[in-house]
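Enquirer: Got a predicted structure here, sequence first:
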Amino acid sequence: MSSPATTVPLLPDAIYEQLRSSILNQQDAPGSSITESAVTLRFGVARPTARTAIERLVTEGLLRREAHHTARVPELSRDDIVDLYDSRAIVEGAAIAALASGGTIPAEALSAHRELQAGGENAPFATQDIAFHRALVAGQPSARLSRMHALLMGEIELCIGQVQVNQLLTAGEIAGQHQGILDAVTAGNATLAEQLTRAHIHGSRDRLLGHFDARSAP
């Protein structure tokens with residue numbers, strides 16, 4: 001007689017990944033509260049496990065928590081979007097220029113790019129897009145630039161999620177822009193790599209701002 005199957009409890013990393021995905025896909029929409037008790041019930045885990053996952057998301061900027069208040073998915077203002085994308089363009093532009101000086105592309109960035117291409121023109125793209133940019137910045141030589149980028153990326157991921165959910169760009173468009181950046185890095189053309197990176201980031205910003213303005217119009 002076979003013994004009954006046992007359920008393997010979810011670890012904080014798994015809870016974090018599932019919550020992160022639901023926030024990016026706006027299943028947990030901007031303004032939604034994420035409480036320890038709700039996460040405990042949702043995933044069938046202990047409160048300490050839920051707390052660990054929530055605090056990691058707070059640290060990364062995907063959730064915000066004021067003192068003595070519940071963690072919530074941030075509602076980004078127009079000024080937030082402008083500031084985040086413009087700051088990102090400065091940091092990533094410098095990072096990709098530094099990367100191009102060596103002409104070597106990190107394997108993780110190539111893997112994310114290939115996954116994005118394999119998904120097709122209209123496939124979801126946020127996960128691969130985020131992984132691509134994180135890997136490129138992590139591959140350049142300045143640890144300080146990497147730390148600055150990491151501080152921005154939680155809230156930037158919220159923006160990328162909004163671009164995906166509202167179909168403001170396609171996976172095909174993003175893959176094409178990524179390819180141009182990769183080609184410039186491979187050629188060792190730091191100036192072009194930085195220009196293409198900034199254009200890629202500002203193009204996404206402008207699509208998101210256009211959507212924000214249309215939604216906010218009376």
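Expert: Yep, that arrived. Numbering: from 1, shown residues only.
Enquirer: So what are the structural domains in this structure, by residue number?
Expert: 12-72, 78-216 (automatic domain parsing).
Enquirer: Could I get the phi/psi values of E121?
Expert: phi -60, psi -40 (degrees, to the nearest 10).
Enquirer: contacting residues for the residue nearest the centre of the chain?
Expert: In the chain, the residue lying closest to the centroid (CA atoms, centre = their mean) is E157, at 2.9 Å. E157 is in contact with 20, 24, 61-62, 126, 130, counting by CB atoms under 8 Å, 6 or more residues apart in numbering. All C-beta spots, glycine's among them, are computed from the backbone N, C-alpha and C.
Enquirer: again with V73
Expert: Here V73 is in contact with 23, 28-32, 34, 62-64, 158 (CB under 8 Å, 6+ apart).
Enquirer: Mind doing that once more with 7 Å?
Expert: Residues in contact with V73 (CB atoms under 7 Å, 6 or more residues apart in numbering) are 23, 28-32, 34, 63.
Enquirer: May I see those residues arranged in CSV, with distance to H211 and pLDDT as well?
Expert: Output for the contacts of V73, formatted as CSV (distance: CB to CB, whole Å; pLDDT from 0 to 100):
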residue, distance to H211, pLDDT
I23, 18, 92
D28, 19, 92
A29, 15, 89
P30, 13, 90
G31, 17, 91
S32, 19, 93
I34, 24, 93
L63, 23, 93
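Enquirer: biggest helix in this structure by residues?
Expert: Counting residues, the longest helix found in the chain (DSSP state H) is helix 190-216.
Enquirer: Could you pull out the strands in this structure for me?
Expert: Under the criterion DSSP state E, the chain contains strands at 33-34, 71-72.
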